[in-house]
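S.K.: just a sequence and a predicted model for now, questions to come.
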Amino acid sequence: MSEITFLSATELAAKIRSREIGCEELLRHYLERVDRYNDGINAIVVDLREQALAAARAADRALAAGDEVGPLHGVPMTVKESYNLAGAPTTWGNPEWRDNVVEEDAESVKKLKAAGAVVFGKTNVPLLLADFQSYNDVYGTTNNPYNLKRGPGGSSGGSAAALAAGLVALETGSDIGGSIRNPAHFCGLFGHKPTWNLLWMRGHAPPGDMRSTPDISAIGPLARSAVDLEAAVMAMAGPDPIGARGYRLDLPTLAGRSLKDLKVAVWSDDPLAPVEAEVRQRVERVAAAFRDGGALVDFEARPDFSPDLSHRTYQNLLWATMAARMPEADYERLRQQAAALPADDDSPSARTVRAQVSSFKMWKQNDERRAHLRWQWHEFFNDYDLLLTPIMATAAFAHDHRSFGERTIQVNGQQRPYFEQLFWAGLTCGVYLPSTVIPTGLNDEGLPIGVQIAGPEYGDLLTIGAAKLLEGAGFRFTPPPGYLD
């Protein structure tokens, strides 16, 4: 059965519907791979296989009875640890929440199950979902299947590692600072960060019944094919029951357009967050594929704002949102630290601490700046269909569990600040834009490199549609060599 391991979720669902393989048979195939490979990468950290096997048998019975089935019927998948999954703990990597066993699935998990997916476990994350690496004191460290000495990214690192190693057929993560897109890039996958609030987030939250949607943050899928991204987004998308009284999902698509019909801007590097030459070259390679397909490609086009203003606005909003997740004692220490700062200290670390405990007035000022940025992006996407950018400065880097202040990233032979890489993630997600990461193949060290495709708000099926076109042009998932049997 090794020939089916790395098929897309939609291909597997088609094989199930045509009776080429059974739901339980397919689940057992992936569970055997989990038993064989997971210890080496530590991607799947919660195993609910008995529940899943019962669900798979029920899915087989439904198919045999001729029942109408969903687009993901029988597809085995896992979800990021931060999603609520009935009968499992939701810890966000925090030992204090180790016993937070929940009784109800997250709303998005319910939707995936309604589409037929068979969910059999949860995948690893960093502490409080706040790192480009995925390790914590609850579940340990997750390794990258392309090189076990390197991380798979974060915070959806377990999601990406499990998918890339062929332990699951589909995954869903979350993203506030690249947490879907960074792992997709590090593990050679397709990943989609949706328009903010397109997918209802209830049930993706720290302990407590969190009904509000956090600022910036979004949930979304990772997959081995762009087609799967579309299937998963459409399964999970839509307004909550309050919004459903008046709103209906009606996302624009490429509507039959091909590469030659598109106008594409390219932002391949920036002095604020330089990227490795090989990363910039991959952005240019994707741009060349658009151009070779007949698209109009513009390397000079930019929205009408200062990149520095955009990044500062995003950072201020990001740190405030991230700090709101903290346990109360940790937040109080930040408040004391901010109060002790000299008034003239405008260092990056001081700005971060102040943003973390910002007043509502300070937050609202940044929210107003974001509103201006959103309109400037809106005008930009009236002229261009898509924007190509990097998502990270480098390919996957070696595990580094030092304190954040001690970490750096080597870019083109120079040591750069660790969190400088947030620039490329925040460029789009800070202003609610959707963006899709596509794989571009492996580098000379055998490590994947991805490229980000951004679009206008609610242009999710435009960026995914472009990813589908590029996948057809050769930008496909490449399995890690150690996991092919």
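M.R.: On my side now, so go ahead. Numbering: from 1, shown residues only.
S.K.: mind jotting down where the helices sit in the protein?
M.R.: With DSSP state H as the criterion, the chain has helices at 9-17, 23-41, 49-64, 107-114, 157-164, 181-186, 226-236, 277-292, 307-324, 328-339, 348-356, 360-383, 422-429, 460-472.
S.K.: just name the most buried of these.
M.R.: Stretch with highest mean neighbour count among the helices of the chain: helix 157-164 (a mean of 35; mean count of other C-beta atoms under 10 Å). In short, each C-beta sits where N, CA and C put it, glycine included.
S.K.: any idea how far the residue most central in space within the chain lies from Thr10?
M.R.: Nearest to the geometric centre of the chain sits Ile180, at 1.3 Å (C-alpha atoms, centre = their mean). Remark: distance between Ile180 and Thr10 (C-beta to C-beta, to the nearest Å) = 19 Å.
S.K.: do the same with Gln415
M.R.: 43 Å.
S.K.: so Leu26 makes contact with Ile16?
M.R.: Yes - between Leu26 and Ile16 a contact is recorded at 6.8 Å, counting by C-beta atoms under 8 Å.
S.K.: list residues touching both of these two?
M.R.: 74-75 (C-beta atoms under 8 Å, 6 or more residues apart in numbering).
S.K.: for Asn136, which residues are in contact?
M.R.: Asn136 neighbours (C-beta under 8 Å, 6+ apart): 91, 93-95, 124-127.
S.K.: for Asn100, what are its contacts?
M.R.: Counting by C-beta under 8 Å, 6+ apart, the residues that Asn100 touches are 89-91, 207.
S.K.: any regions of the stretch 1-150 of the chain where pLDDT drops low?
M.R.: Within the stretch 1-150 of the chain, the ranges that satisfy pLDDT under 70 run 1.
S.K.: right, and Gly140 touches Ile41 too?
M.R.: No - counting by C-beta under 8 Å, Gly140 stays clear of Ile41, with 10.9 Å between them.
S.K.: in stretch 89-103, which residues are buried?
M.R.: For stretch 89-103, a neighbour-count test (16 or more other C-beta atoms under 10 Å) marks 89-94, 97, 100, 102 as buried.
S.K.: between the two ends of that stretch, how far is it?
M.R.: The first residue of stretch 89-103 is 9 Å away from its last residue (C-alpha to C-alpha, to the nearest Å).
S.K.: of the contacts of Asn136, just say which sits nearest to Val411.
M.R.: Proximity of the contacts of Asn136 to Val411 (C-beta to C-beta) peaks at Pro126, which lies at 21.5 Å.
S.K.: can you tell me which residues contact the closest one?
M.R.: Pro126 is in contact with 93, 133-136, 154-155, 157, counting by C-beta under 8 Å, 6+ apart.
S.K.: among those, which are located in strands?
M.R.: Judged by DSSP state E, the contacts of Pro126 include 135-136 as members of strands.
S.K.: for the contacts of Pro126, could you give me a markdown table that also reports distance to Gln337?
M.R.: Below are these laid out as a markdown table (distance: C-beta to C-beta, whole Å):
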| residue | distance to Gln337 |
| --- | --- |
| Gly93 | 23 |
| Gln133 | 24 |
| Ser134 | 27 |
| Tyr135 | 25 |
| Asn136 | 23 |
| Gly154 | 24 |
| Ser155 | 24 |
| Gly157 | 29 |
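S.K.: out of the contacts of Pro126, who's nearest Ile176?
M.R.: Comparing the contacts of Pro126 against Ile176 with C-beta to C-beta places Ser155 closest, at 8.4 Å.
S.K.: pop the domain breakdown of the chain in here.
M.R.: 2-259+464-483, 307-371 (automatic domain parsing).
S.K.: in a markdown table: these, plus distance to Ala295.
M.R.: Converted to a markdown table, the domains of the chain look like this (distance: least, C-beta to C-beta, whole Å):
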| stretch | distance to Ala295 |
| --- | --- |
| domain 2-259+464-483 | 5 |
| domain 307-371 | 24 |
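S.K.: and of these, who's closest to Ala289?
M.R.: That would be domain 2-259+464-483 among the domains of the chain, by C-beta to C-beta, at 5.3 Å.
S.K.: what is the end-to-end distance of stretch 259-275?
M.R.: 26 Å.
S.K.: repeat for stretch 410-417
M.R.: 9 Å.
S.K.: with stretch 418-431 instead?
M.R.: End to end - C-alpha to C-alpha - stretch 418-431 spans 22 Å.
S.K.: do the same with stretch 407-423
M.R.: Using C-alpha to C-alpha, the end-to-end distance of stretch 407-423 comes to 17 Å.
S.K.: what residues does that stretch touch?
M.R.: Stretch 407-423 has contacts (C-beta under 8 Å, 6+ apart) with 132, 177-178, 182, 270, 272-277, 307, 311, 314-315, 318, 348, 392-394, 397, 400, 404.
S.K.: and the average pLDDT for that stretch is what?
M.R.: The pLDDT scores in stretch 407-423 average 96.
S.K.: how close does Leu433 get to Pro241?
M.R.: Distance, Leu433 to Pro241, using C-beta to C-beta: 26 Å.
S.K.: compare neighbour counts for those two and give me the winner.
M.R.: A count of neighbours by other C-beta atoms under 10 Å puts Leu433 above the other of Leu433 and Pro241, at 26 against 9.
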